[in-house]
Every structure is written in C-alpha cells, then in structure tokens.
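*Asks:* Sequence below, structure please.
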Amino acid sequence: MKNWNDKKLILREKITNGKTSKMNCDLCDKNKFKSLFKKKGYSITKCKYCGLVTVDPFPTDEELAKLYDEEYFEGGKNKKGYSNYKEGIKNYFDYVTKEPYIQKRINYLKQFSKGGRLLDVGCAHGFFLKAIREEGWDVTGIDISKYASDFGKKEFNLNIINKSLEDAKFVSNHFDVVTIWSFLDHCTTPMNVFKEINRILKPGGILAFNISNVDSFRAMINASNWRPIRPPEHLYYFSINTSNKYLSRTGFGKTTYFGKGEIGIKHVLQNPDLNMNGETVKFDFSFLQWLKLYSWALICYLSLKTGIDNYTIGSNLDVYTHNIKNEQ
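*Replies:* Model (predicted):
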C-alpha cells in the first residue's frame with residue numbers, strides 16, 4: 001500500500017490548445033503540490049500551502065462532459081460511475097426506504113430552516129428533491145447530465161435544469177436553502193461554486209453539503225484504496241480544515257458537521273474498504289506502519305472527545321452553514 005507521505009513536489013499544469021499552463025490551487029491560488037500516490041493514471045496531490053487534495057492532470061471539460069451519461073448512473077462495461085445507483089429499485093418509495101440517509105439529511109435540515117425555496121446542485125435523478133418536496137418545500141434541481149435530468153423530470157415531474165450552476169444564472173438572493181449532495185468533489189472550481197451559491201442564497205440562507213474527510217482514519221489507513229479516490233470522477237478531496245477555509249473565504253458563517261461521532265474507536269478494526277468491486281484488497285503493513293496508523297485512530301477518537309475534532313475515524317460528513325450577507 002502506498003501511503004500519503006511521498007515527498008515529491010510537483011507543479012500542476014494543464015494543456016490547453018497545445019499549450020501548457022500552470023494551474024494554481026483552487027483554494028489558496030498557489031502552485032506547489034506534493035504528490036501522494038497515483039491511481040488510474042492520475043496523481044493525487046496535496047497543496048503544500050493550504051492542504052487541499054486534488055488530481056493531476058486535471059481532465060478537460062470535454063472529458064468531463066462525456067463522463068456523466070446513462071452508463072455513469074446505471075453502470076456498464078467500463079465500470080465507471082455508480083454501478084448500483086438504481087440497482088434493485090422498483091420505484092421511488094422502494095429507493096427511499098432502502099436509503100435512509102435521505103430522510104436523515106432532511107431531518108438535519110429542519111434544524112436550520114423551516115422551509116421555502118430549495119435548490120439541489122448536482123441533483124442527478126432527483127430522489128432527494130422528491131423526498132423533500134413531499135415535506136412541503138418548493139424545489140428546483142440542476143445537473144449537467146441530460147440523462148439524469150430527463151429522468152427526474154419525466155418520472156417525478158421535477159423542475160430540473162440541465163446546465164451548470166454558473167450557466168443557470170439564477171437571480172441573487174432567491175433561495176432559502178442550497179444543497180450539494182455527493183457533487184462538490186466533482187466540481188472543477190469549488191471556489192466559484194461556493195461564491196455563486198452565496199450570491200443566490202437569501203441573507204442568512206442555508207448551505208448543506210457533504211464531504212469525505214481526507215484527514216480521517218479511513219482515508220489514512222486505506223490511502224489509494226480509500227473509496228472516494230475515484231479519478232477522474234472525483235477531482236477534489238476535502239478535509240474539515242479545507243472545507244472551513246472555503247466557507248470563510250466565500251461569505252459563510254458558523255458551520256456544523258454531522259457524522260463525526262457515528263463511527264467510534266470500536267469500529268477501527270472494521271474496514272469496509274477491504275472489499276471493493278468484489279475483489280479483496282490485501283494490505284501489507286509493517287509493525288511500525290500498524291503502530292502509526294492505529295495511533296492515528298486513537299488521536300482521532302480523543303480529538304472528538306475533547307472537542308478538538310478536525311480529525312475523525314469515519315470519513316463521511318454532512319456540513320450545514322449559513323451565509324452572512326446580512327451580518328457584514
């Protein structure tokens with residue numbers, strides 16, 4: 001297993017129209033990165049200055065546009081995307097009952113907002129939108145996949161716009177809530193996404209999204225075999241630290257993270273990433289590596305218990321925050 005500690009420094013570059021240009025970090029705008037490991041022909045790199053983790057080289061817009069077709073959502077011979085996104089689902093009700101995280105997110109959201117206009121960015125088929133519409137919300141979705149957008153409009157009668165967030169050009173101060181579920185790591189420029197969401201949210205409006213915490217024990221122990229490492233689909237890998245930096249720099253205030261305590265020290269020996277795509281992943285750890293990794297698990301556990309909780313064992317976190325336009 002390759003770990004996160006390779007020392008090679010690189011400058012990220014992108015070839016456009018036959019010319020090579022430097023690519024600065026989306027978060028801090030600097031241009032020096034540490035190479036962590038390679039996967040599927042891509043380097044996973046970490047910004048030396050702010051710690052943001054991303055891929056190198058960056059896929060072109062044309063490559064990304066071809067990625068999110070029907071095969072991506074339904075699975076196909078190339079095994080890209082989510083092979084079981086709708087597998088075994090006979091209807092919408094069946095899906096929701098099998099995926100309780102949708103209702104969990106709605107319950108979290110009710111703690112911060114009483115309802116109103118909601119935009120779901122990267123809504124795919126619209127399962128979350130349909131569920132929260134049934135709670136009385138006025139919902140809109142947006143997704144770059146024509147296949148997924150058409151499915152949600154036809155099957156659920158949802159208002160889904162088949163465009164990027166920037167191209168949709170929503171009016172300012174329009175939405176009470178914007179959600180980004182399992183989409184932020186697909187964005188080419190998260191900074192622009194956060195800025196645009198702040199613009200279209202009403203003063204005090206709520207932003208909810210999820211991250212896979214790259215500083216978690218799950219990420220540390222699995223490294224290149226950590227499930228969220230999926231280039232070129234996933235372009236960025238966030239931590240609580242980098243997530244907070246994005247939010248503070250784009251006009252958002254107090255942030256709440258859910259999921260930090262859902263996986264505790266008793267789960268350390270249970271590793272769901274050991275079996276991926278039906279193939280068992282074997283790790284070859286030396287005693288010193290095991291000692292280091294499980295010492296890190298203990299640090300994550302104590303971090304949560306002491307309130308200094310940027311480090312977690314489980315990697316899946318839901319994030320809720322609000323814009324502070326009316327407070328500035």
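
*Asks:* So which residues of the stretch 101-250 of the chain form helices?
*Replies:* 101-110, 127-133, 146-156, 165-168, 190-200, 217-222, 240-249 (DSSP state H, counting those that start in this stretch).

*Asks:* Now do stretch 190-209: distance from first to last residue.
*Replies:* One end of stretch 190-209 sits 12 Å from the other (C-alpha to C-alpha, to the nearest Å).

*Asks:* ok, how many other residues are close to Pro228?
*Replies:* By other C-beta atoms under 10 Å, the residues close to Pro228 number 20. The way it works is simple: take the backbone N, C-alpha and C, and place the C-beta from them, glycine included.

*Asks:* now it: how far from Lys40?
*Replies:* 13 Å (C-beta to C-beta, to the nearest Å).

*Asks:* What's the mean pLDDT across stretch 147-166?
*Replies:* Mean per-residue pLDDT for stretch 147-166: 92.

*Asks:* which residues are in contact with that stretch?
*Replies:* Stretch 147-166 is contacted from outside by 68-70, 73, 92, 121, 123-126, 129-130, 133, 139-146, 168, 192-193, 196-197, using C-beta atoms under 8 Å, 6 or more residues apart in numbering.

*Asks:* quick revisit: which of the helices of the stretch 101-250 of the chain has the lowest mean pLDDT?
*Replies:* helix 217-222 - the lowest mean pLDDT of the helices of the stretch 101-250 of the chain, at a mean of 79.

*Asks:* shaky segments in the chain?
*Replies:* Within the chain, the segments meeting pLDDT under 70 span 1-22, 65-99, 260-286, 289, 307-309, 326-328.

*Asks:* what do you get if the cut-off is 50, keeping everything else the same?
*Replies:* Residues of the chain that meet the criterion pLDDT under 50 lie in 1-2, 16-21, 76-90, 275-278.

*Asks:* any idea which strand is longest in it?
*Replies:* If you go by DSSP state E, the chain has its longest strand at strand 201-212.

*Asks:* follow-up on the earlier one: make a PyMOL selection of whichever of the contacts of stretch 147-166 turn out to be buried.
*Replies:* To isolate the buried members of these in PyMOL, using 16 or more other C-beta atoms under 10 Å:
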select buried, resi 68+69+73+92+121+123+124+125+126+129+130+133+139+140+141+142+143+144+145+193+196+197
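
*Asks:* rewinding a little: packing partners for the longest strand of the chain?
*Replies:* helix 101-110, strand 175-180, helix 190-200, helix 240-249, strand 316-323 (3 or more C-beta pairs under 8 Å, 6 or more residues apart in numbering; DSSP states H and E).

*Asks:* tell me the angle it makes with strand 316-323.
*Replies:* 160 degrees (axes from the mean of the first three to the mean of the last three C-alpha atoms, to 10 degrees).

*Asks:* Return the most buried member of the helices and strands packed on strand 201-212.
*Replies:* Ranked by mean neighbour count, the helices and strands packed on strand 201-212 are led by strand 175-180 with a mean of 24 (mean count of other C-beta atoms under 10 Å).

*Asks:* Which neighbours in the sheet does that strand have, and how are they oriented?
*Replies:* Strand 175-180 sits in its sheet next to strand 117-121 (parallel), strand 201-212 (parallel), going by DSSP bridges.

*Asks:* how about the last one: buried residues?
*Replies:* Across strand 201-212, burial judged by 16+ other C-beta under 10 Å covers 201-202, 205-212.

*Asks:* is it possible to export those residues to TSV including distance to Ser164?
*Replies:* Below are the buried residues of strand 201-212 laid out as TSV (distance: C-beta to C-beta, whole Å):
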residue	distance to Ser164
Leu201	18
Lys202	22
Gly205	20
Ile206	22
Leu207	18
Ala208	20
Phe209	16
Asn210	20
Ile211	20
Ser212	22
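
*Asks:* ok, of those, which one's closest to Thr306?
*Replies:* Nearest to Thr306, judged by C-beta to C-beta, of the buried residues of strand 201-212 is Ile211 at 21.8 Å.

*Asks:* do you know which of the strands paired with strand 175-180 lies nearest Asn107?
*Replies:* Taking C-beta to C-beta, strand 201-212 is the member of those nearest to Asn107, at 11.8 Å.

*Asks:* Tyr108 is in contact with Asp318, isn't it?
*Replies:* Yes: between Tyr108 and Asp318 a contact is recorded at 6.2 Å, counting by C-beta atoms under 8 Å.

*Asks:* joint contacts of these two?
*Replies:* Common neighbours of Tyr108 and Asp318 (C-beta under 8 Å, 6+ apart) are 208, 258.

*Asks:* before we move on, back to that, export the helices and strands packed on strand 201-212 to CSV and tack on distance to Tyr257?
*Replies:* Output for those, formatted as CSV (distance: least, C-beta to C-beta, whole Å):
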stretch, distance to Tyr257
helix 101-110, 11
strand 175-180, 15
helix 190-200, 16
helix 240-249, 6
strand 316-323, 5
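
*Asks:* can you tell which of the ones you listed is closest to Val53?
*Replies:* Val53 lies closest to helix 240-249 among the helices and strands packed on strand 201-212, at 8.0 Å (C-beta to C-beta).

*Asks:* How far off centre is that closest one?
*Replies:* On the basis of C-alpha atoms, centre = their mean, to the nearest Å, helix 240-249 sits 14 Å off its chain's mean C-alpha point.
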